[in-house]
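A.B. asks: Predicted model and sequence below, questions to follow.
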Amino acid sequence: MTNPERKYHRSEFAKQQLRTAVLLFLNDKDLSSVITLSAAASNILSQFVRNSGKESFVDYACRVYDAFNKITPKR
């Protein structure tokens, strides 16, 4: 049974989302959930990176795309 008093950290949610996404993907199940869970985990982890003063991969990829195409894509 789950302890209602337990404190959870966002990184725990991100890890579980990625685990579930990988299991679904490897078992060829529910691709829309794989994409949704992966994106949610990515958002959480990217924010941790930004909060530490570093550039996330998503931000880096947008910057590189902008350098080549002179337009920054939507996130």
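C.D. replies: Yep, that arrived. It should be emphasised that the depicted structure is a prediction, and the values quoted were computed from it without experimental measurement.
A.B. asks: Go ahead and flag the most central residue of this protein.
C.D. replies: Centroid-nearest residue in the chain, with Cα atoms, centre = their mean: Ser42, separated by 0.9 Å.
A.B. asks: Quick check, it in contact with Ala61.
C.D. replies: No: between Ser42 and Ala61 there is no contact under Cβ atoms under 8 Å: 11.4 Å. Every C-beta, even on glycine, is put in place using the N, C-alpha and C of the backbone.
A.B. asks: Helix or strand: which one has the closest residue to Leu45 other than its chain neighbours?
C.D. replies: Spatial nearest neighbour of Leu45, excluding adjacent residues (Cβ to Cβ, 6 or more residues apart in numbering): Ala14 at 5.3 Å. Taking DSSP states H and E as the criterion, Ala14 maps to helix 10-26.
A.B. asks: hmm, back to that, report the separation between the residue nearest to the centre of the chain and Arg19.
C.D. replies: Applying Cβ to Cβ, to the nearest Å, the value for Ser42 to Arg19 is 14 Å.
A.B. asks: Then Ser38?
C.D. replies: 11 Å.
A.B. asks: quick one on the thing from earlier: contacting residues around the residue nearest to Leu45?
C.D. replies: 40-41, 44-45 (Cβ atoms under 8 Å, 6 or more residues apart in numbering).
A.B. asks: From Ser42, how far off is it?
C.D. replies: Distance from Ala14 to Ser42, by Cβ to Cβ: 8 Å.
A.B. asks: for the lowest-mean-pLDDT helix or strand in the chain, packing partners?
C.D. replies: Within the chain, no helix or strand scores below helix 57-69, which has a mean of 87 by mean pLDDT, DSSP states H and E. On a contact count with 3 or more Cβ pairs under 8 Å, 6 or more residues apart in numbering; DSSP states H and E, helix 57-69 meets helix 31-51.
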